[in-house]
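Peer 1: Need a 3D model of the following:
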Amino acid sequence: MDAASEPTVDVTVSIRDYFLKDRSRMTMMAARKFGVTEKAVVDALVGQWPIVRLRDGVFRELLEALPALGTMRVFVRSRAAVIESVGTFGGFSDAGPFFNVQTDTLDMHILHEEIADIFAVEKWGHDTTTATYSFQFFDRSGDAAFKAFLWESFPDVPKATIEAFHALAKRLSAEAE
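Peer 2: Predicted coordinates:
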């Protein structure tokens, strides 16, 4: 999808209605259904769900704060496949255009200049009966670059970890500028 596929007001209303009928639906699948970017789906749900848009330029600060949130489940996908990895962020370095995450459990090489939007998202899981908490990173085209979900003791994520997630989202929010 490209930025030209941003939704009309009618499509935004349809997206909201779609999730009102079943809050466990996947944003990725909604993007395909409505012919918009996944970022556009998340944008449509701001105000309906507890979603916080983070301010521009917080990529490094956010990544460097993630180790304190403990174990995370990271989703990276293309149009054809999804990989899920569970681990802890850390081992940060820069190499050319890449921001690297290298621990015993995660090995990521992120073209961070391609990350255009970041959201803190609280939503009902598609395969659980509980809320999930994630930071979702979108590229310049509005496609999900990767998502990092709180995974410490999931589905019983410790209350202190959820509180730390909310505090971090508030500190880095676009509204905090």
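Peer 1: what helix or strand does the residue nearest to the spatial centre of the chain sit in?
Peer 2: Among the residues of the chain, the one closest to the centroid is residue 136, at 1.3 Å (CA atoms, centre = their mean). Element membership for residue 136 (DSSP states H and E) is strand 131-139.
Peer 1: after that strand comes which helix or strand?
Peer 2: Once strand 131-139 ends, the next helix or strand along the chain (criterion: DSSP H and E) is strand 144-150.
Peer 1: what separates that next one from the chain centre, distance-wise?
Peer 2: Centre-to-centre, strand 144-150 and its host chain are 4 Å apart (CA atoms, centre = their mean, to the nearest Å).
Peer 1: Can you spell out which helices and strands pack onto the next helix or strand after it?
Peer 2: Using DSSP H and E, the next helix or strand after strand 144-150 towards the C-terminus is helix 159-172. For helix 159-172, the packing partners by 3 or more CB pairs under 8 Å, 6 or more residues apart in numbering; DSSP states H and E come out as helix 59-65, strand 115-124, strand 131-139, strand 144-150. Any C-beta I mention is one placed from the backbone N, CA and C, and that applies to glycine too.
Peer 1: what's the average pLDDT for helix 159-172?
Peer 2: Mean per-residue pLDDT for helix 159-172: 98.
Peer 1: and if you look at stretch 99-114?
Peer 2: Averaged across stretch 99-114, pLDDT comes to 98.
Peer 1: repeat for stretch 123-141
Peer 2: Mean predicted lDDT for stretch 123-141 stands at 90.
Peer 1: got the buried residues for that stretch?
Peer 2: 123, 125, 131, 132, 133, 134, 135, 136, 137, 138, 139, 141 (16 or more other CB atoms under 10 Å).
Peer 1: returning to what we had before: hmm, residue 123 and the residue nearest to the centre of the chain touching each other?
Peer 2: No: judged on CB atoms under 8 Å, residue 136 makes no contact with residue 123 at a distance of 9.7 Å.
Peer 1: got the contact list for the residue nearest to the centre of the chain?
Peer 2: 42, 118, 119, 120, 121, 144, 147 (CB atoms under 8 Å, 6 or more residues apart in numbering).
Peer 1: One more: residue 145?
Peer 2: With contact taken as CB under 8 Å, 6+ apart, residue 145 is in contact with 76, 110, 114, 115, 137, 138, 139.
Peer 1: All set now, cheers.
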